[in-house]
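1. Here is the input, now give the coordinates:
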Amino acid sequence: MSQTVSTAPPATSAAPETTAAAPELSMRPGRWIDGWDAENTEQWESQGKAIARRNLNWSIFAEFLGFVVWQLWSIVAVMLPKAGFELTTSEIFWLISIPSLVGATLRIPYSFLVPKFGGRNWTIISAGLLLAPVIAMVVCVGNPETPFPVLLGAAALAGFGGGNFASSMSNITFFYPQREKGWALGLNAAGGNLGAAVAQFVVPIAVTIGAAATLNLPVAGWIWIPFILVAMFGAARYMDNLSNAKADFSGSAAALKEPHLWLLSLLYIGTFGSFIGFASVFPKLIADQFPEFSGIAVGGASVSLAFLGALVGSLARPYGGRLSDRFGGARITMLAFASMALITVAVLVTLPLGNFWLFLGLFLLLFTSAGIGNGSTYRMVPVVFAVRGGGTGDVSTQRKAAAALGLISAIGAYGGFLIPQALNLSYQSTGGYGAAFAGFIAAYVLLLVLTWAVYVRSGKLSAHKI
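-> Numbering: from 1, shown residues only. This is a model prediction of the structure:
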C-alpha cells in the first residue's frame, strides 16, 4: 500500500510563488518515489531538497569507494616485486592500466542502468560488485606463484569501480533542479576523485602494519570490505528510486552525431585522462626513478607520497569550474594545457638531475593543472551544446548536453589506460620515460591549438564565452 505525502501548504498560509501546484510525492514499497519534480519550487523546498541531499551523501560515499577500488592496483602492483612476485616492468604497467580500460568501457552501459533498475537499487548492486575485485585481490596477491594472467584478470575486475562514476552522476542528475545540478555533481565528482588519493595513502600503511620483513598485501583488499558493506546497507536503507528517471537513448544517439562531442572528448582525454592516468602510474614512476623515496616511514609504516598527486588534482577540479564561470571554460582549458605542456617540459629537462623533491613539486603542479582542466573542460560541454542548439532553454539541446556529459566522461577515462601504456612503450623501446614525456608535450600543445582554433578565436562559439 503506497503512502502519500502532500506538499501543499496549509489553507491558512500563503502559497509560495511557483509556476504550478506542487505534485504529491507518493512513496511505494522498495523506496520508489512517484511524482518527483525537482524544478517545482514548492516541492523542492518542502521535501525535495532533504531527500536529494540524503541520496547525494550516500552516492558520494559509494562512488568514493568505487574510485578506491579502481585505483587499488596502482599502488599494489608496484609492491608485488617486494612481496616475491616475479614480474616484468611491462606486466606491472598492464596491471596498473587494465582497470582504467575496463572502467572507461563500463561507464557507457552504466550511464543507462539507473533508469532501468532505480538509483537506490543500482547503487546497492554496483557497490556489491566492488566485493568481486577486492576479494580477487585478496586471493591473488597472497600467493607469489599466482600466474600473471590471473593477476591481470583480478586487476580487470577493479574496472567495476571506474564504471560507478557514470551511474552515480546519472542518478544524482535526476534528483536536483537545473539551477543546483552543477554544485551537486561537482560534490559527487570530487568525492569520488578523492578515493584515488585515499587508496594510495592508506594501502602502503595498512600492508606494513604488523608485518616484519614482508608485506601483508591481502590487507590491501580486506580493509575495504566493511566499508563496501556499509555502502550497500546505507543505499538500501536511506536512498530512493525515482519512477520518472528515464534513459535517454535518443539524446545519446543525437549527441554522438554532434562533431563537438568528439572534439570535447579529445580535450577531456587530455585533462581528466592525464589526471587519472598519472594518478595511477605515479607510484610506479616514483619507485622506478627514486626508489629511496617510494616510501617514507611514518609511525613505523611506509607511506607512498604518490597520493599527493591525486589529492591536489581532486581539490583543484572545482576551481577549474569556478574560474570558467568567470573567464570562460575554453580560455581556462587553454591555460591548463599551456601549463601542462610547460611543466612536462620541466619534468623532461630536470629528470636527469635525479632530484626527487623537484620531481615531486613539478608533478604536483602538473596534477593541479590537470585538475583545473577537468573542471573547465566539463563546464564547456553544456555551453557548447546550448550555443549549437540555439539556446539554453531548448529541451532537446539540454537532453543532448546531458547525454554528452556521460559519453565524454567515459571517453576521457581511456586516458587512464593510454598514459601508462605510453610510458610502458617508451620504457620498452628506449629504457626510459623521456620519449613518453615528449609525446605528452606534443599532445598538450596540439590540444591547446585545437581549443584556441575552435572555441577561443573570433567566431560564433567564442562570442558566447564558452
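2. what sits against Ile98?
-> Ile98 makes contact with 73, 152, 155-156, 159, 417, according to CB atoms under 8 Å, 6 or more residues apart in numbering. Heads up, the C-betas are built off the backbone N, CA and C, glycines and all.
3. Only the buried subset of these, as a ChimeraX command please.
-> In ChimeraX, this line selects whichever of the contacts of Ile98 come out buried by 16 or more other CB atoms under 10 Å:
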select :73,155,156,159,417
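4. from the contacts of Ile98, which ones fall inside helices?
-> If you go by DSSP state H, these have 73, 152, 155-156, 159, 417 in helices.
5. Please identify which of those residues is nearest to Leu308.
-> Of all the ones in helices among the contacts of Ile98, Trp73 has the smallest distance to Leu308: 19.0 Å, by CB to CB.
6. Name the nearest residue to that closest one, ignoring sequence neighbours.
-> The shortest distance from Trp73 to any non-neighbouring residue, by CB to CB, 6 or more residues apart in numbering, is to Ala155 (4.6 Å).
7. quick one on the thing from earlier: out of the ones in helices among the contacts of Ile98, who's nearest Gly313?
-> Closest approach to Gly313 among the ones in helices among the contacts of Ile98 (CB to CB): Phe417, at 17.5 Å.
8. Tell me the buried residues in whichever strand or helix holds Ala442?
-> Taking DSSP states H and E as the definition, one finds Ala442 inside helix 434-451. Residues of helix 434-451 classed as buried: 434-437, 439-441, 443-444, 447-448, 450-451 (neighbour count, 16+ other CB under 10 Å).
9. pLDDT and distance to Gly412 added to these, as CSV?
-> Shown next, in CSV, are these (pLDDT from 0 to 100; distance: CB to CB, whole Å):
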residue, pLDDT, distance to Gly412
Gly434, 92, 26
Ala435, 94, 24
Ala436, 95, 19
Phe437, 95, 20
Gly439, 96, 18
Phe440, 96, 16
Ile441, 97, 20
Ala443, 96, 14
Tyr444, 97, 15
Leu447, 96, 12
Leu448, 95, 17
Leu450, 93, 15
Thr451, 93, 15
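10. Most widely separated two among those residues?
-> Between all members of the buried residues of helix 434-451, the farthest pair (by CB to CB) comes out as Gly434 and Thr451, at 26.1 Å.
11. before we move on, the earlier item: contact partners for the residue nearest to Trp73?
-> Residues near Ala155 by CB under 8 Å, 6+ apart: 73, 77, 94-96, 98-99.
12. Please report how far Trp357 lies from Leu364.
-> 11 Å (CB to CB, to the nearest Å).
13. Please apply the same query to Arg237.
-> Here the criterion is CB to CB. By it, Arg237 lies 39 Å from Leu364.
14. Trp183 now?
-> Where Leu364 is concerned, Trp183 sits at a distance of 26 Å (CB to CB).
15. and the two? which has more neighbours close in?
-> Neighbour count, other CB atoms under 10 Å: between Trp183 and Leu364, Leu364 has more, with 18 against 13.
16. For that one, list the residues it contacts.
-> By CB under 8 Å, 6+ apart, the contact list for Leu364 reads 308-309, 312.
17. So which of the residues you listed is surrounded by the most neighbours?
-> The most crowded member of those, judged by other CB under 10 Å, is Gly309 (29 neighbours).
18. that older thread, and the helix holding Ala442, what does it pack onto?
-> helix 259-289, helix 329-350, helix 415-430 (3 or more CB pairs under 8 Å, 6 or more residues apart in numbering; DSSP states H and E).
19. So which of those helices is nearest Phe61?
-> Phe61 sits nearest to helix 259-289 of all these, at 20.0 Å, using CB to CB.
20. what's near enough to touch the residue nearest the centre of the chain?
-> The residue lying closest to the centre of the chain (CA atoms, centre = their mean) is Asn193, at 5.1 Å. Counting by CB under 8 Å, 6+ apart, Asn193 touches 67, 275, 310, 313-314, 317.
21. Which of the three states applies to Ile33?
-> With DSSP: H, G, I helix; E, B strand; the rest coil as the basis, Ile33 sits in strand.
22. Quick one: residues contacting Ser111.
-> Under the criterion of CB under 8 Å, 6+ apart, the neighbours of Ser111 are 166-167, 170, 252, 406-407, 410.
23. next one: Ala190
-> If you count contacts by CB under 8 Å, 6+ apart, then Ala190 has 314-315, 317-318 around it.
24. what about 6 Å?
-> Applying CB atoms under 6 Å, 6 or more residues apart in numbering, we find Ala190 in contact with Ser314.
25. Use 35 as the first number from now on
-> Sounds good: first residue 35 from here, last item Ala224.
26. Gly347 versus that one, what's the distance?
-> Counting by CB to CB, the gap from Ala224 to Gly347 is 10 Å.
27. low-confidence ranges in the stretch 385-500 of the chain?
-> 423-433, 492-500 (pLDDT under 70).
28. before we move on, what about the stretch 135-284 of the chain?
-> Residues of the stretch 135-284 of the chain that meet the cut-off, pLDDT under 70, sit at 243-248.
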